[in-house]
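Q: My questions are about this predicted structure, shown below with the sequence.
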Amino acid sequence: GQSEFNRATRARRQPGSLFKPLVYLAAFEARAREITPSTLVDDEPVAIPASGGDWSPHNIDGQFHGPVTIRRALEQSLNVPAALIAQGVGLGYVTRVAHAVGISSSLAPVPSLALGTSEVTLLEMTTAFATIANGGLRVWPTTVADSGALALQPLPAPSRVVSAESAFLVTHVLRGVMSRGTASASARWDLQEVTAGKTGTTDGLRDAWFIGYTPDLVVGVWVGADDARPIALTGADIALPIWADVMQTALRRSPTPTSMFTVPPGIVMAPVDSDTGRRACEGDPAIREA
(Lines give C-alpha, C1' and ligand atoms only; values in the text may rest on other atoms or scores of the structure.)
Protein backbone atom coordinates (compact mmCIF):
# COMPACT_ATOMS: atom_id res chain seq x y z
CA GLY A 1 0.00 0.00 0.00
CA GLN A 2 2.97 2.33 0.40
CA SER A 3 5.28 1.29 -2.42
CA GLU A 4 5.12 -0.25 -5.88
CA PHE A 5 8.52 -1.90 -5.41
CA ASN A 6 8.01 -5.65 -5.71
CA ARG A 7 10.11 -7.16 -2.95
CA ALA A 8 9.33 -10.73 -3.98
CA THR A 9 10.85 -10.34 -7.43
CA ARG A 10 13.30 -7.44 -7.12
CA ALA A 11 14.62 -7.17 -3.55
CA ARG A 12 17.89 -9.07 -3.24
CA ARG A 13 18.73 -10.18 0.28
CA GLN A 14 20.95 -12.77 1.92
CA PRO A 15 19.02 -16.05 2.35
CA GLY A 16 21.15 -17.29 5.24
CA SER A 17 20.52 -20.91 6.16
CA LEU A 18 17.79 -21.17 3.53
CA PHE A 19 20.61 -21.72 1.03
CA LYS A 20 21.92 -24.86 2.77
CA PRO A 21 19.57 -27.32 1.00
CA LEU A 22 21.17 -26.26 -2.28
CA VAL A 23 24.60 -27.12 -0.87
CA TYR A 24 23.47 -30.61 0.09
CA LEU A 25 21.65 -31.00 -3.22
CA ALA A 26 24.96 -30.34 -4.97
CA ALA A 27 26.67 -32.90 -2.74
CA PHE A 28 24.08 -35.60 -3.47
CA GLU A 29 24.34 -34.81 -7.17
CA ALA A 30 28.14 -34.75 -7.35
CA ARG A 31 28.86 -37.78 -5.18
CA ALA A 32 25.74 -39.91 -5.37
CA ARG A 33 27.49 -43.14 -4.39
CA GLU A 34 29.42 -41.61 -1.50
CA ILE A 35 27.15 -39.09 0.22
CA THR A 36 23.72 -39.86 1.68
CA PRO A 37 21.67 -38.31 4.51
CA SER A 38 23.41 -40.72 6.89
CA THR A 39 26.94 -39.66 5.90
CA LEU A 40 28.88 -38.27 8.86
CA VAL A 41 30.47 -34.84 8.69
CA ASP A 42 32.44 -33.08 11.42
CA ASP A 43 30.93 -30.21 13.37
CA GLU A 44 34.01 -28.83 15.05
CA PRO A 45 36.21 -25.70 14.97
CA VAL A 46 37.72 -25.23 11.52
CA ALA A 47 39.66 -22.56 9.65
CA ILE A 48 38.87 -22.39 5.92
CA PRO A 49 41.24 -20.38 3.71
CA ALA A 50 39.58 -17.29 2.24
CA SER A 51 40.69 -14.03 0.70
CA GLY A 52 41.84 -11.77 3.50
CA GLY A 53 42.57 -14.62 5.89
CA ASP A 54 41.07 -17.80 7.28
CA TRP A 55 37.32 -18.01 7.85
CA SER A 56 35.99 -19.89 10.88
CA PRO A 57 32.24 -20.57 10.83
CA HIS A 58 30.33 -21.08 14.07
CA ASN A 59 26.87 -22.38 14.88
CA ILE A 60 24.13 -20.07 16.08
CA ASP A 61 24.09 -21.76 19.51
CA GLY A 62 27.83 -21.28 19.93
CA GLN A 63 28.32 -25.04 20.32
CA PHE A 64 30.04 -27.74 18.29
CA HIS A 65 28.47 -31.18 18.17
CA GLY A 66 31.21 -33.46 16.86
CA PRO A 67 30.50 -35.90 14.00
CA VAL A 68 26.88 -35.57 12.86
CA THR A 69 24.92 -37.05 9.99
CA ILE A 70 24.01 -34.81 7.08
CA ARG A 71 20.39 -35.34 8.10
CA ARG A 72 21.00 -33.92 11.57
CA ALA A 73 23.20 -31.14 10.20
CA LEU A 74 20.42 -29.88 7.93
CA GLU A 75 17.58 -30.51 10.37
CA GLN A 76 19.38 -28.43 13.02
CA SER A 77 20.81 -25.99 10.45
CA LEU A 78 24.40 -26.43 11.60
CA ASN A 79 26.86 -24.10 9.88
CA VAL A 80 30.17 -25.93 9.99
CA PRO A 81 28.98 -29.12 8.24
CA ALA A 82 27.40 -27.08 5.42
CA ALA A 83 30.63 -25.14 4.94
CA LEU A 84 32.74 -28.32 4.89
CA ILE A 85 30.40 -30.08 2.44
CA ALA A 86 30.56 -27.07 0.11
CA GLN A 87 34.35 -27.16 0.25
CA GLY A 88 34.33 -30.88 -0.47
CA VAL A 89 32.19 -30.69 -3.62
CA GLY A 90 33.61 -27.34 -4.72
CA LEU A 91 32.07 -23.88 -4.57
CA GLY A 92 31.97 -23.72 -8.35
CA TYR A 93 29.83 -26.85 -8.47
CA VAL A 94 27.51 -25.57 -5.73
CA THR A 95 27.07 -22.39 -7.77
CA ARG A 96 26.29 -24.30 -10.96
CA VAL A 97 23.66 -26.44 -9.26
CA ALA A 98 22.07 -23.40 -7.61
CA HIS A 99 21.84 -21.63 -10.96
CA ALA A 100 20.46 -24.75 -12.62
CA VAL A 101 17.58 -25.11 -10.16
CA GLY A 102 16.45 -21.49 -10.30
CA ILE A 103 18.90 -18.92 -8.90
CA SER A 104 19.67 -16.24 -11.49
CA SER A 105 21.52 -13.74 -9.30
CA SER A 106 25.30 -13.79 -9.22
CA LEU A 107 26.72 -16.03 -6.49
CA ALA A 108 30.15 -15.20 -5.08
CA PRO A 109 32.27 -18.40 -4.90
CA VAL A 110 33.53 -17.70 -1.38
CA PRO A 111 33.41 -20.14 1.56
CA SER A 112 30.55 -18.29 3.26
CA LEU A 113 28.36 -18.93 0.20
CA ALA A 114 27.34 -22.18 1.93
CA LEU A 115 25.71 -20.11 4.67
CA GLY A 116 23.76 -17.93 2.24
CA THR A 117 25.80 -14.74 2.03
CA SER A 118 25.11 -14.01 -1.65
CA GLU A 119 22.00 -11.92 -2.20
CA VAL A 120 19.02 -13.43 -4.03
CA THR A 121 15.32 -12.72 -4.45
CA LEU A 122 12.44 -14.56 -2.83
CA LEU A 123 11.20 -15.61 -6.27
CA GLU A 124 14.58 -17.17 -7.09
CA MET A 125 14.71 -19.15 -3.87
CA THR A 126 11.11 -20.29 -4.21
CA THR A 127 11.81 -21.39 -7.79
CA ALA A 128 14.82 -23.39 -6.59
CA PHE A 129 12.75 -25.13 -3.92
CA ALA A 130 10.04 -25.78 -6.52
CA THR A 131 12.61 -27.63 -8.62
CA ILE A 132 13.45 -29.83 -5.64
CA ALA A 133 9.77 -30.40 -4.87
CA ASN A 134 9.23 -31.29 -8.53
CA GLY A 135 11.79 -34.09 -8.41
CA GLY A 136 14.57 -32.20 -10.17
CA LEU A 137 12.43 -30.85 -13.02
CA ARG A 138 12.69 -27.08 -13.28
CA VAL A 139 9.61 -25.10 -14.21
CA TRP A 140 9.58 -21.40 -15.04
CA PRO A 141 7.47 -19.10 -12.87
CA THR A 142 4.80 -16.96 -14.42
CA THR A 143 2.10 -14.57 -13.28
CA VAL A 144 -1.66 -14.92 -13.34
CA ALA A 145 -4.03 -12.01 -13.91
CA ASP A 146 -7.01 -11.43 -11.63
CA SER A 147 -9.19 -13.11 -14.24
CA GLY A 148 -7.11 -16.27 -13.93
CA ALA A 149 -5.63 -15.92 -17.41
CA LEU A 150 -1.89 -16.31 -17.91
CA ALA A 151 -0.27 -12.91 -18.25
CA LEU A 152 2.85 -14.09 -20.07
CA GLN A 153 3.67 -15.91 -23.27
CA PRO A 154 3.93 -19.73 -23.17
CA LEU A 155 6.86 -20.80 -21.02
CA PRO A 156 9.57 -23.33 -21.82
CA ALA A 157 8.73 -26.93 -21.09
CA PRO A 158 9.97 -28.30 -17.75
CA SER A 159 13.55 -29.53 -17.98
CA ARG A 160 15.53 -31.93 -15.82
CA VAL A 161 18.38 -30.08 -14.12
CA VAL A 162 19.23 -32.49 -11.26
CA SER A 163 18.44 -36.15 -10.75
CA ALA A 164 15.17 -37.25 -9.18
CA GLU A 165 17.21 -39.15 -6.58
CA SER A 166 19.18 -36.10 -5.43
CA ALA A 167 16.04 -33.97 -5.24
CA PHE A 168 14.22 -36.63 -3.24
CA LEU A 169 17.06 -36.94 -0.72
CA VAL A 170 16.86 -33.21 -0.02
CA THR A 171 13.08 -33.40 0.32
CA HIS A 172 13.39 -36.40 2.63
CA VAL A 173 15.73 -34.50 4.95
CA LEU A 174 13.62 -31.33 4.78
CA ARG A 175 10.66 -33.35 6.01
CA GLY A 176 12.78 -34.00 9.10
CA VAL A 177 13.29 -30.24 9.46
CA MET A 178 9.52 -29.99 9.89
CA SER A 179 9.18 -32.78 12.43
CA ARG A 180 12.41 -32.57 14.46
CA GLY A 181 14.39 -29.57 13.29
CA THR A 182 14.23 -25.80 13.16
CA ALA A 183 10.66 -25.83 11.77
CA SER A 184 9.21 -28.29 14.29
CA ALA A 185 6.81 -25.55 15.41
CA SER A 186 4.86 -26.46 12.26
CA ALA A 187 3.19 -29.07 14.49
CA ARG A 188 1.00 -26.25 15.81
CA TRP A 189 -0.64 -26.09 12.40
CA ASP A 190 -0.66 -29.86 11.72
CA LEU A 191 1.59 -29.38 8.70
CA GLN A 192 4.67 -31.38 9.66
CA GLU A 193 3.37 -34.64 8.19
CA VAL A 194 2.56 -33.35 4.71
CA THR A 195 5.29 -30.78 4.03
CA ALA A 196 9.03 -30.28 3.67
CA GLY A 197 10.71 -26.97 4.34
CA LYS A 198 13.58 -24.87 5.64
CA THR A 199 14.02 -21.81 7.82
CA GLY A 200 16.50 -19.06 7.05
CA THR A 201 17.90 -16.32 9.29
CA THR A 202 20.76 -13.97 8.46
CA ASP A 203 23.46 -12.50 10.70
CA GLY A 204 22.16 -9.82 13.01
CA LEU A 205 18.57 -11.06 12.58
CA ARG A 206 18.09 -8.82 9.55
CA ASP A 207 16.24 -11.26 7.31
CA ALA A 208 13.81 -14.04 8.21
CA TRP A 209 12.82 -16.66 5.64
CA PHE A 210 10.79 -19.80 5.31
CA ILE A 211 10.08 -21.89 2.22
CA GLY A 212 8.05 -25.06 2.46
CA TYR A 213 6.19 -27.32 0.10
CA THR A 214 3.91 -30.26 -0.53
CA PRO A 215 4.27 -32.31 -3.75
CA ASP A 216 1.82 -29.82 -5.33
CA LEU A 217 2.54 -26.39 -3.89
CA VAL A 218 5.56 -24.31 -2.84
CA VAL A 219 5.15 -21.21 -0.67
CA GLY A 220 8.01 -18.83 0.10
CA VAL A 221 8.09 -16.08 2.75
CA TRP A 222 10.64 -13.35 3.44
CA VAL A 223 10.34 -10.82 6.26
CA GLY A 224 12.69 -7.89 6.63
CA ALA A 225 13.15 -4.14 6.49
CA ASP A 226 14.08 -2.27 3.32
CA ASP A 227 16.99 -0.56 5.07
CA ALA A 228 18.25 -3.94 6.38
CA ARG A 229 17.93 -2.95 10.01
CA PRO A 230 17.59 -5.91 12.40
CA ILE A 231 14.07 -7.20 12.92
CA ALA A 232 15.17 -9.29 15.94
CA LEU A 233 13.19 -12.33 14.75
CA THR A 234 14.23 -15.63 13.20
CA GLY A 235 12.68 -17.42 10.27
CA ALA A 236 10.96 -19.80 12.68
CA ASP A 237 9.63 -16.86 14.74
CA ILE A 238 7.97 -14.79 12.01
CA ALA A 239 8.25 -16.30 8.51
CA LEU A 240 7.09 -19.81 9.48
CA PRO A 241 3.75 -18.65 10.99
CA ILE A 242 2.98 -16.57 7.88
CA TRP A 243 3.82 -19.55 5.66
CA ALA A 244 1.69 -21.86 7.80
CA ASP A 245 -1.34 -19.60 7.53
CA VAL A 246 -1.07 -19.48 3.74
CA MET A 247 -0.34 -23.20 3.40
CA GLN A 248 -3.23 -24.20 5.66
CA THR A 249 -5.63 -22.12 3.59
CA ALA A 250 -4.30 -23.54 0.34
CA LEU A 251 -4.58 -27.12 1.53
CA ARG A 252 -8.17 -26.57 2.67
CA ARG A 253 -9.05 -25.27 -0.80
CA SER A 254 -7.20 -27.99 -2.70
CA PRO A 255 -9.62 -30.64 -3.94
CA THR A 256 -7.00 -33.40 -3.89
CA PRO A 257 -4.11 -32.50 -1.58
CA THR A 258 -1.18 -34.87 -2.03
CA SER A 259 0.58 -35.89 1.17
CA MET A 260 3.15 -38.31 -0.20
CA PHE A 261 6.39 -37.57 -1.99
CA THR A 262 7.20 -40.19 -4.63
CA VAL A 263 10.34 -42.25 -3.96
CA PRO A 264 12.40 -42.55 -7.18
CA PRO A 265 13.44 -46.03 -8.36
CA GLY A 266 17.10 -45.38 -7.54
CA ILE A 267 16.47 -44.78 -3.83
CA VAL A 268 16.65 -47.60 -1.27
CA MET A 269 15.29 -46.78 2.19
CA ALA A 270 17.00 -48.32 5.22
CA PRO A 271 16.88 -47.83 9.02
CA VAL A 272 19.90 -45.82 10.21
CA ASP A 273 21.25 -44.97 13.64
CA SER A 274 21.02 -41.18 13.77
CA ASP A 275 24.11 -40.98 15.99
CA THR A 276 26.51 -43.17 14.01
CA GLY A 277 25.09 -43.05 10.48
CA ARG A 278 25.25 -46.85 10.31
CA ARG A 279 22.52 -49.37 9.59
CA ALA A 280 20.36 -49.77 12.68
CA CYS A 281 18.47 -52.65 14.20
CA GLU A 282 14.71 -52.49 14.65
CA GLY A 283 13.83 -51.06 18.04
CA ASP A 284 16.90 -48.83 18.25
CA PRO A 285 15.70 -45.58 19.93
CA ALA A 286 17.99 -43.50 17.70
CA ILE A 287 16.65 -45.01 14.48
CA ARG A 288 15.94 -42.80 11.47
CA GLU A 289 15.01 -43.72 7.92
CA ALA A 290 17.68 -42.59 5.46
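A: Looks like it came in fine.
Q: now Met247, nearest residue through space, not along the chain?
A: Val219 (5.4 Å; C-beta to C-beta, 6 or more residues apart in numbering). (C-beta placed from N, C-alpha, C; glycine too.)
Q: Just to be sure, the one you found is in a helix?
A: No - under DSSP: H, G, I helix; E, B strand; the rest coil, Val219 sits outside any helix and is assigned strand.
Q: Could you report the separation of it from Leu122?
A: As for Val219, its distance to Leu122 is 11 Å (criterion: C-beta to C-beta, to the nearest Å).
Q: So Gly16 sits against Leu205, correct?
A: No - judged on C-beta atoms under 8 Å, Gly16 makes no contact with Leu205 at a distance of 9.9 Å.
Q: neighbour-wise, which of the two wins?
A: Gly16 (25 against 18; other C-beta atoms under 10 Å).
Q: Quick one: residues contacting that one.
A: Leu115, Gly116, Gly200, Thr201, Thr202, Asp203, Asp207, Trp209, Gly235 (C-beta atoms under 8 Å, 6 or more residues apart in numbering).
Q: Would you mind measuring from it to Gly200?
A: Taken as C-beta to C-beta, the span from Gly16 to Gly200 is 4 Å.
Q: what's the answer for Ala250, then?
A: On the measure of C-beta to C-beta, Ala250 and Gly200 end up 21 Å apart.
Q: These two: which is more packed in?
A: Per other C-beta under 10 Å, whichever of Ala250 and Gly200 has more neighbours is Gly200, with 29 against 14.
Q: beta partners of the more buried one?
A: Counting by DSSP bridges, Gly200 forms beta bridges with Trp209.
Q: quick one: it and Arg206 touch, right?
A: No - using C-beta under 8 Å, Gly200 is not in contact with Arg206; the gap is 11.3 Å.
Q: quick one: low-confidence parts of the chain?
A: Counting by pLDDT under 70, the chain contains low-confidence ranges at 144-153, 255-259, 282-290.
Q: hmm, try it at 50
A: For the chain, no stretch is flagged by pLDDT under 50.
Q: mind listing the strands in it by residue range?
A: Here the chain has its strands, by DSSP state E, at 40-43, 66-69, 137-138, 159-160, 196-201, 207-213, 218-224, 271-273, 287-289.
Q: For His58, find the nearest of the ones you listed.
A: Proximity to His58 (C-beta to C-beta) singles out strand 40-43 among the strands of the chain, at 10.3 Å.
Q: what packs against the closest one?
A: Using 3 or more C-beta pairs under 8 Å, 6 or more residues apart in numbering; DSSP states H and E as the contact definition, the elements that strand 40-43 packs against are strand 66-69, helix 70-75, helix 79-89.
Q: any idea how far it is from the chain center?
A: The chain centroid and the centroid of strand 40-43 are separated by 19 Å under C-alpha atoms, centre = their mean, to the nearest Å.
Q: Can you point out the buried residues in that strand?
A: Leu40, Val41, Asp43 (16 or more other C-beta atoms under 10 Å).
Q: and the last one, what are its bridge partners?
A: Yep, that's Asp43 we're talking about. Gly66.
Q: Might you report the residue contacts of it?
A: So Asp43 contacts Asn59, Phe64, His65, Gly66, Pro67, Val68, Ala73, Leu78, Val80, Pro81 (C-beta under 8 Å, 6+ apart).
Q: ok, now the second one?
A: Taking C-beta under 8 Å, 6+ apart as the criterion, Val41 is in contact with Pro67, Val68, Thr69, Ile70, Ala73, Pro81, Leu84, Ile85.
Q: mind putting these in TSV, neighbour count and distance to Ile132 included?
A: Formatted as TSV, the contacts of Val41 follow (neighbours: other C-beta atoms under 10 Å; distance: C-beta to C-beta, whole Å):
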residue	neighbour count	distance to Ile132
Pro67	14	26
Val68	24	22
Thr69	25	19
Ile70	25	15
Ala73	28	17
Pro81	30	19
Leu84	20	22
Ile85	25	16
